[in-house]
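K.L.:
Predicted model follows, preceded by the sequence.
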Amino acid sequence: MTALNSIVLLTGAGISAESGIQTFRASDGLWANHAIEEVATPDAYARNPAKVLDFYNQRRTQLQDPQVAPNAAHLALAKFEQALTAQGGRFTLITQNVDNLHRRAGSQNLIAMHGELQSVFCPACGHRQTWVHDLNSTDLCPVCAESAPLRPDIVWFGEIPYQLDACQAAVEQADLFVSIGTSGQVYPAAGFVALAKSAGALTAELNLEPTRKDFDFCLYGPATQVVPAFFEQLMNQPTQLPSFCQ
Ligand code: BJW
């Protein structure tokens, strides 16, 4: 077997769970206490901007908590990227997460396809800027100063994810596609595994529990254990998937 030179990862909320960030669909997840249609759609924002801004302000504030930091899984991916690219391999990390933990861990070739909590944008001129404090409906764009207020830089339901063409191109060129800590319920990200398979890639799932997706190899357990174990072995033996995968 030839080396797995081009590796694409898709991460979801599960990779950040052990850093203290809630997932969405667990029984105690974010959607248990917040109705999706009231906080994560453009209509919700139009109807009640204060409620939506409050939801994202709370989550942005949480990122400043010193307890919330990259965990062993985020760090293992950054280390693996460095090793693979030093050997001439290609590494793309696509995250659905809006936290900043991959970036803080040192990941470089990163696509935040659902946006970022610490960013806002102007619906009038499209200007994006870093934003670490609360966003209020009176905050205006520093570039165009339009009366349309700044909004969270988050991809809500019905909106097109960021860099979708780049995501799909990377997935189509992958030798190995690994899905980590995502339930695979939200499209278009949920369709990447089928795209990778149809383009001939090996596919693997690292998760706390099986999802209903069809992967070639699976490894189940907390991300802080299975992710470092998987990528350390892959670094030592880049021609095959770790032997402990089923
Ligand atoms: C652990 C762990 C531990 C726990 N260790 N693991 C078909 C095709 C295209 C679109 C659609 C379609 N069908 C329906 C749609 C529309 C819609 C959609 O998918 N709806 C479904 C619900 C059916 N999609 C959209 O609207 C998207 N846009 C779109 O489609 O545009 C149109 C278009 C696209 C392309 C071409 C042409 C047109 C936009 C989706 C935006 C999603 N936004 C959200 C919220 C905003 C961000 C935020 O507030 O944070 O993004 S929804 C929410 O779900 C969030 C997440 O990124 C996303 C995924 O959730 P994730 O990460 O998988 O979390 P969970 O909680 O579901 O799962 C956690 C997993 O971790 C579990 O498996 C656990 O087991 C595991 N876990 N602890 C390891 N310690």
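P.N.:
Okay, I see it.
K.L.:
When you work out contacts or count neighbours from here on, use the C-alpha atoms and nothing else.
P.N.:
OK.
K.L.:
how about the helices of the protein, start to end?
P.N.:
14-17, 30-33, 36-39, 42-47, 49-62, 72-86, 101-105, 164-172, 192-198, 223-236 (DSSP state H).
K.L.:
Go through those helices and pick out the most buried.
P.N.:
Counting by mean count of other C-alpha atoms under 10 Å, helix 14-17 has the highest mean neighbour count of these, with a mean of 24.
K.L.:
That one near the ligand anywhere?
P.N.:
Yes. Using C-alpha under 6 Å from any ligand atom, we find that helix 14-17 touches the ligand at 14-15, 17.
K.L.:
coming back round to it: please name whichever of the helices of the chain is nearest to D216.
P.N.:
helix 192-198 (9.1 Å; C-alpha to C-alpha).
K.L.:
Can you confirm whether that closest one lies near the ligand?
P.N.:
No. Helix 192-198 stays clear of the ligand (C-alpha under 6 Å from any ligand atom), getting no nearer than 10.6 Å.
K.L.:
Alpha carbons only: can I get that helix in PDB?
P.N.:
Output of helix 192-198 as PDB, limited to C-alpha atoms (Å, rounded to 0.1, in the frame of the first residue of the first chain):
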ATOM      1  CA  PHE A 192     -18.200  14.500   3.000                       C
ATOM      2  CA  VAL A 193     -17.700  10.900   4.000                       C
ATOM      3  CA  ALA A 194     -19.700   9.700   1.000                       C
ATOM      4  CA  LEU A 195     -17.800  12.100  -1.300                       C
ATOM      5  CA  ALA A 196     -14.500  10.900   0.000                       C
ATOM      6  CA  LYS A 197     -15.500   7.300  -0.500                       C
ATOM      7  CA  SER A 198     -16.700   7.900  -4.000                       C
END
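K.L.:
Run through who's touching that helix.
P.N.:
168, 171-174, 177, 179, 202-203, 213-215 (C-alpha atoms under 8 Å, 6 or more residues apart in numbering).
K.L.:
what would the helices of the chain look like in TSV with mean pLDDT?
P.N.:
Output for those, formatted as TSV (pLDDT from 0 to 100):
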stretch	mean pLDDT
helix 14-17	98
helix 30-33	87
helix 36-39	86
helix 42-47	95
helix 49-62	95
helix 72-86	97
helix 101-105	98
helix 164-172	98
helix 192-198	97
helix 223-236	95
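K.L.:
Let me have the ones you listed in TSV, extended by distance to S183.
P.N.:
TSV is the format used below for the helices of the chain (distance: least, C-alpha to C-alpha, whole Å):
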stretch	distance to S183
helix 14-17	8
helix 30-33	13
helix 36-39	16
helix 42-47	23
helix 49-62	21
helix 72-86	17
helix 101-105	19
helix 164-172	18
helix 192-198	12
helix 223-236	13
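K.L.:
Indicate which one of these is closest to P123.
P.N.:
Of all these, helix 42-47 sits nearest to P123, with 11.5 Å by C-alpha to C-alpha.
K.L.:
wait, isn't L234 in contact with L241?
P.N.:
Yes. Assessed by C-alpha atoms under 8 Å, L234 is found in contact with L241 at 6.4 Å.
K.L.:
circling back to that earlier point, next step: the contacts of helix 192-198 restricted to strands.
P.N.:
177, 179, 202-203 (DSSP state E).
K.L.:
Can you read off the backbone torsions of S107?
P.N.:
phi -60, psi 140 (degrees, to the nearest 10).
K.L.:
how about the closest residue to it other than its chain neighbours, what does it touch?
P.N.:
Among residues not flanking S107 along the chain, A78 sits closest, at 4.6 Å (C-alpha to C-alpha, 6 or more residues apart in numbering). Going by C-alpha under 8 Å, 6+ apart, A78 touches 102, 105-108.
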